[in-house]
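Asker: what follows is a predicted protein model with its sequence.
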Amino acid sequence: RAKAHGRGRAEIFDETLRLQLNQRAELEAAIAAALGNGEMLVAYQPVVDVATDRLTGYEALIRWERPGIGLVPPDQFIPVAEGSRLIGDVDRWMLHEATRQLAQWRAESAIADEEPEPTVAVNISGRHLADRRVVTDVADALAASGLPPGLLILEVTETVLVDDPIAYDHLTELRAMGVGIAIDDFGTGYTSIGQLRNMPVDTLKIDRSFVASADPAHRELVALMIRAAHTFGLTVVAEGVEEPAQLALLKAQACDQAQGYLLYRPMPAADAGALLRRSEPAGQA
Ligand code: C2E
Ligand code: MG
Ligand code: MG
Ligand code: MG
């Protein structure tokens, strides 16, 4: 009897596992298909210069408009894509789409006369960054779009830079091509501020959790991050600014740029293009 019972449980376990694996495989297949059939979209979130209120560029954020289901946020499918080689396809699609879009906006308007010109930032997953192909993937997107390398920023998380010497080498190569590198979600990993000095990066993005915190110790930490980053010649972006008081504090702390719902939410490409045209210097449009 006990034996029969045990086998029954094993069968239930097998069945659950089989279902999970099937669901994962189905989701992977659906993501792969979505990249080719127009279900994937890019939302653009404006980034603003804190001192002048001027637009400095956009962060490109992936969106999946899944028929019959609705909008699937990246947190629900990027981790699945990261579990397979699919993440390379996602990142390549984003690189091509975001560079093509900014190049098109430049061609259509006078933004190319602006100084400094608006940039576009693309998130690159750690797994893709460890793959040798990442260097050619970025070069291909720049060649296909004709976008100057200096207008593309790659966002990577700090753990990638610290833990993976191969990814580190790829970033060094990409930076030599003239592409900008930003550390995303800074403060959530284990990087010390001093380590920033020797890293192949241009920009530090302070994580939302620090920007939003009312804890005086966190405020001190943000001030410290900004000062240290400036000492090393880095540009600082504050993420997730939602309150006017947060923005005022960042301004007082000499933070360079800000991004968050208080300023702009991520928006469809058409709205982002319209915003660019409105922000052109008078008389040039
Ligand atoms: P992230 O790179 O740190 O992007 C910022 C996230 O914060 C975005 O979420 C953005 O919509 C959200 N956000 C911006 N301002 C505010 C604010 O004021 N308050 C709050 N609560 N949130 C704000 P989203 O678009 O859901 O993306 C989540 C994460 O998914 C991103 O975090 C990034 O790590 C990843 N991701 C998005 N697109 C891509 C992509 O194309 N490729 C890869 N590999 N990862 C991506
Ligand atoms: Mg990002
Ligand atoms: Mg971030
Ligand atoms: Mg992130």
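Answerer: Thanks, I have it. Ligands and ions are numbered 1, 2, ... in the order given.

Asker: now for Leu247, how many residues are close by?
Answerer: Neighbours of Leu247 under the rule other CB atoms under 10 Å: 20. Placement of C-beta: from N, CA and C, glycine included.

Asker: what of the one 10 residues further on?
Answerer: Residues lying near Gln257 (other CB under 10 Å) number 22.

Asker: check what pLDDT it gets.
Answerer: The model reports Gln257 with a pLDDT of 98.

Asker: what's the spacing between the residue lying closest to it once chain neighbours are set aside and ligand 1?
Answerer: Using CB to CB, 6 or more residues apart in numbering and skipping residues adjacent in sequence, the residue nearest Gln257 is Val237, 4.4 Å away. For Val237, the distance to ligand 1 equals 10 Å [CB to the nearest ligand atom, to the nearest Å].

Asker: again with Val50
Answerer: Distance from Val50 to ligand 1, by CB to the nearest ligand atom: 15 Å.

Asker: got the residues of the stretch 51-200 of the chain near ligand 2?
Answerer: For the stretch 51-200 of the chain, the residues in contact with ligand 2 (CB under 5 Å from the ion) are Asn123, Glu155, Asp184.

Asker: can you tell me the average pLDDT over stretch 165-184?
Answerer: 95.

Asker: assign Tyr261 to helix, strand or coil.
Answerer: coil (DSSP: H, G, I helix; E, B strand; the rest coil).

Asker: ok, it - how many residues close by?
Answerer: Tyr261 has 12 neighbours, counted by other CB under 10 Å.

Asker: grab the nearest non-local neighbour of it.
Answerer: Glu242 (5.1 Å).

Asker: tell me, how many residues neighbour Trp93?
Answerer: Neighbour number of Trp93 under other CB under 10 Å is 17.

Asker: narrow the residues of the stretch 51-200 of the chain next to ligand 2 to those in strands?
Answerer: Residues of those located in strands (DSSP state E): Asn123, Glu155, Asp184.

Asker: same for ligand 4: which of the residues you listed are within range?
Answerer: Among these, ligand 4 is touched by Asp184 when using CB under 5 Å from the ion.

Asker: look up how far Thr191 lies from the residue nearest to Arg132 when sequence neighbours are not counted.
Answerer: The spatially closest residue to Arg132, leaving aside those adjacent along the chain, is His170, at 7.4 Å (CB to CB, 6+ apart). Using CB to CB, to the nearest Å, one gets 18 Å for the distance from His170 to Thr191.

Asker: please say which of these two ends up with more neighbours.
Answerer: Taking other CB under 10 Å, His170 and Thr191 do not tie; His170 has more neighbours (25 against 18).
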